[in-house]
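> how would this look folded up:
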Amino acid sequence: MKKLLLIISIIALVLLPIGCNVQSMIKSTIEDALEGLRADYTIEVTDTEGFNFTGRYYVVTAAYDAVNYVAITSTPHDVVVENVTKQYTANDCIYVGAMFQKLSAGDETLTVKILKGSSEVASATTKEPFGAVLVTAP
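The predicted model follows:
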């Protein structure tokens, strides 16, 4: 019986550091993968100057979580009434989505662009009365 307890103790002492090392490797791998997905985005609402728009944009972030491995957070940002031209920034995120609507029946143009750094990755335009656009970019 003493030999069995000794063997179990030795095995536990050997496997415990291995288990801790595996958890550390998993965390490092996930953090490296998320780092490759993260970016800074700019949402630009442009075109015909001076008319109003409304809408919402979402910023999605991800981080390592010891229980679920990855914790994803989606944060909505309401835009009640703004004048064109406007910019919104989203830093260190994995996804951005925006929906904006004209608040006029005129023939003004509403253009929404999503930039990653200085490169345009998505855009949409409308001239429709009270027209809306939806733009997303991972």
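
> so how many other residues sit close to Glu49?
9 (other Cβ atoms under 10 Å). To be clear about C-beta, it is placed using only N, CA and C from the backbone, and glycine gets the same treatment.

> please apply the same query to the one 5 residues further on.
The local packing count at Thr54 equals 15, with neighbours defined by other Cβ under 10 Å.

> please apply the same query to Asp40.
13.

> give me the distance between it and Pro76.
19 Å (Cβ to Cβ, to the nearest Å).

> so Val135 sits against Leu110, correct?
No - the criterion here is Cβ atoms under 8 Å, and Val135 misses it with Leu110 at 11.1 Å.

> who's more crowded, those two?
Neighbours per residue, other Cβ under 10 Å: of Val135 and Leu110, the larger number sits with Leu110, 25 against 21.

> end to end on stretch 101-110, go ahead and measure it.
8 Å (Cα to Cα, to the nearest Å).

> what about it, distance to the chain center?
Once both centres are worked out by Cα atoms, centre = their mean, to the nearest Å, stretch 101-110 turns out to sit 28 Å from its chain's centre.

> now stretch 129-138
Distance, centroid of stretch 129-138 to centroid of chain: 17 Å (Cα atoms, centre = their mean).

> which residues touch that stretch?
37, 41, 43, 55, 94-106, 110-114, 116, 121-126 (Cβ atoms under 8 Å, 6 or more residues apart in numbering).

> could the C-alpha coordinates of that stretch be exported in PDB?
Extracted in PDB, the C-alpha atoms of stretch 129-138 (Å, rounded to 0.1, in the frame of the first residue of the first chain):
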ATOM      1  CA  PRO A 129     -35.300  58.800 -49.700                       C
ATOM      2  CA  PHE A 130     -34.700  57.800 -46.100                       C
ATOM      3  CA  GLY A 131     -32.300  55.100 -47.500                       C
ATOM      4  CA  ALA A 132     -30.200  52.900 -45.300                       C
ATOM      5  CA  VAL A 133     -26.900  51.100 -45.700                       C
ATOM      6  CA  LEU A 134     -25.400  48.100 -43.900                       C
ATOM      7  CA  VAL A 135     -21.600  47.600 -43.900                       C
ATOM      8  CA  THR A 136     -19.600  45.000 -42.100                       C
ATOM      9  CA  ALA A 137     -15.900  44.100 -41.900                       C
ATOM     10  CA  PRO A 138     -13.900  41.400 -40.100                       C
END
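
> having no further points to raise, I will conclude here.
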